[in-house]
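J.: I'll drop the sequence and a predicted model, then ask my questions.
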Amino acid sequence: MDGAGLTHMEIPPLFKQGASARARVLVFALLSVIMLVVDARMQVLGRVRQAVGAVLYPFQTVAMVPRDAAGKAADYFTSLTMLQQENQSLRQQQIVNAQLMQHERLLAAENVQLRKLLDMQQRVPVQSVVGEILYDARDPFTRKVILNRGSQQGVVAGQPVIDDIGIVGQVTRVFPFTSEVTLLTDKDQAIPVQVVRNGLRSVAYGRGQTGVLDLRFMPANADIQKGDMLVTSGIDGIYPPGLRVATVALVETRSADSFARIVCQPLAGIDRHRQLLILLVGQESAPRPEPETVDAKSAKLFKRRLRDSTRDSSADDANATPKDNVSQERKGVANPAAAAAPAAPAAATPAPAPASTAKPAVKESTR
């Protein structure tokens, strides 16, 4: 029963055996050839291919999503790295361009300043030389700078230093190739000035602070107003007249003070410009006249004559009568003026007297 039952059981469709594999290959190959020939000759499978392609397109798209995602991720990271490198390169280039631009601006400003100095050099009637500031002086309590021009270029102590606007300072020490310039704002610096509006003369003193000058010892009723321009007066023989110095910034007067408080602001770029103009006034200015001197012989002779005149006047007073004394007292100052008259010509002519006239005077005094 069991064996018969097993023999009569139906075999599952999976294990059913049909045509052989070779037969199947030959059938499908022949079918493919026939379809190729028919499609090539009659073009009847084009629509079938289009329909199949339309049906399979969504499946193809879904199947290509991983590949596209991997490609986009690789492109993203590659582009991110390239952008970072390009950004770093652009930043470095920007720094270099900023330095070049700053240098170009400095050169342009220096060019403008040199052009202004050249124009000022042509307008100033004295010979001048252009100098450049090397560094500030070591003393922090002074206002001094060092220029790259010295005695080899004709610089002498005392020469004024200007820029394209006005006075900057004065040369105080000179070395072979450098020189020290004391600025107007230094506490030990002073310059004779003149008010342009009314011609009033004064002296401007430095306070030791940047951008401040003082007009000291000016009366409280002095005709100076805020905004007046001060220029060099030229009476010192060092600064050429007419160069701008400062403008009056503050004028204060108090009833209890005899002098006014006047504060001025320098016009020149004392702490701004690097190129300055040194005026070589020491080479062209005329020497100051020497004071007149009186020799010892003339002074001794004048003293003897004065002593003799006083002795004679005292003898005349002793021999005078009381009436003459009363008349002299009534005249008052007439007689002293007449007595002093002979001494005036002698003082006015200090030149030495000839030898022939000097000997009789000596004999007379001995008598």
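T.: Cool, got the structure.
J.: From here on, just use CA atoms for contacts and neighbour counts.
T.: Will do.
J.: and residue 262, what does it touch?
T.: With C-alpha atoms under 8 Å, 6 or more residues apart in numbering as the criterion, the residues that contact residue 262 are 214-216, 248-252.
J.: Reduced to three states, what does it come out as?
T.: In three-state terms, and counting by DSSP: H, G, I helix; E, B strand; the rest coil, residue 262 is strand.
J.: For it, give its distance to residue 247.
T.: 10 Å (C-alpha to C-alpha, to the nearest Å).
J.: Could you do residue 19 as well?
T.: 122 Å.
J.: Can you give me the pLDDT of residue 51?
T.: For residue 51, the pLDDT comes out at 84.
J.: what do you get for residue 188?
T.: The per-residue confidence score, pLDDT, reads 88 for residue 188.
J.: doesn't residue 206 make contact with residue 192?
T.: No - taking C-alpha atoms under 8 Å as the definition, residue 192 is not a contact partner of residue 206, at 11.9 Å.
J.: Tell me which stretches of this protein form helices.
T.: In order along the chain, the chain carries the following helices (DSSP state H): 2-7, 21-42, 46-123, 296-319, 322-331, 334-340, 343-348, 355-366.
J.: Return the backbone torsion pair for the residue positioned nearest the centre of the chain.
T.: The chain has residue 272 as the residue nearest its centroid, 1.4 Å off, counting by C-alpha atoms, centre = their mean. The main-chain torsion angles of residue 272 are listed as degrees, to the nearest 10 and equal phi -120, psi -50.
J.: Please determine how far it is located from residue 204.
T.: Going from residue 272 to residue 204 by C-alpha to C-alpha gives 21 Å.
J.: So what sits opposite the nearest residue to residue 184 once chain neighbours are set aside in the bridge?
T.: When the adjacent residues along the chain are set aside, residue 184 lies closest to residue 169, with 4.9 Å between them (C-alpha to C-alpha, 6 or more residues apart in numbering). With DSSP bridges as the criterion, the beta-bridge partners of residue 169 are residue 161, residue 183.
J.: How many neighbouring residues does residue 169 have?
T.: Residue 169 is surrounded by 28 other residues when neighbours are defined as other C-alpha atoms under 10 Å.
J.: One more: residue 165?
T.: 16.
J.: Let me know the closest of the contacts of residue 262 to residue 151.
T.: Distances from the contacts of residue 262 to residue 151 were compared by C-alpha to C-alpha; the smallest belongs to residue 214, at 32.0 Å.
J.: what about that closest one, distance to residue 262?
T.: Residue 214 is 6 Å from residue 262, where distance means C-alpha to C-alpha.
J.: Residue 32 too?
T.: Applying C-alpha to C-alpha to residue 32 and residue 262 gives a distance of 117 Å.
J.: do the same with residue 226
T.: To residue 262, residue 226 is 9 Å away according to C-alpha to C-alpha.
J.: Then residue 104?
T.: As for residue 104, its distance to residue 262 is 41 Å (criterion: C-alpha to C-alpha).
J.: Mind listing the shared neighbours of residue 226 and residue 262?
T.: Shared contacts of residue 226 and residue 262, defined by C-alpha under 8 Å, 6+ apart, are found at 248-251.
J.: need these in a markdown table with distance to residue 48, can you?
T.: Written out in a markdown table, the entries for the shared contacts of residue 226 and residue 262 read as follows (distance: C-alpha to C-alpha, whole Å):
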| residue | distance to residue 48 |
| --- | --- |
| 248 | 104 |
| 249 | 101 |
| 250 | 104 |
| 251 | 108 |
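J.: Using ChimeraX, define a selection of the buried residues within these.
T.: In ChimeraX, this line selects whichever of those come out buried by 16 or more other C-alpha atoms under 10 Å:
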select :248,249,251
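J.: Good, we can wrap up now.
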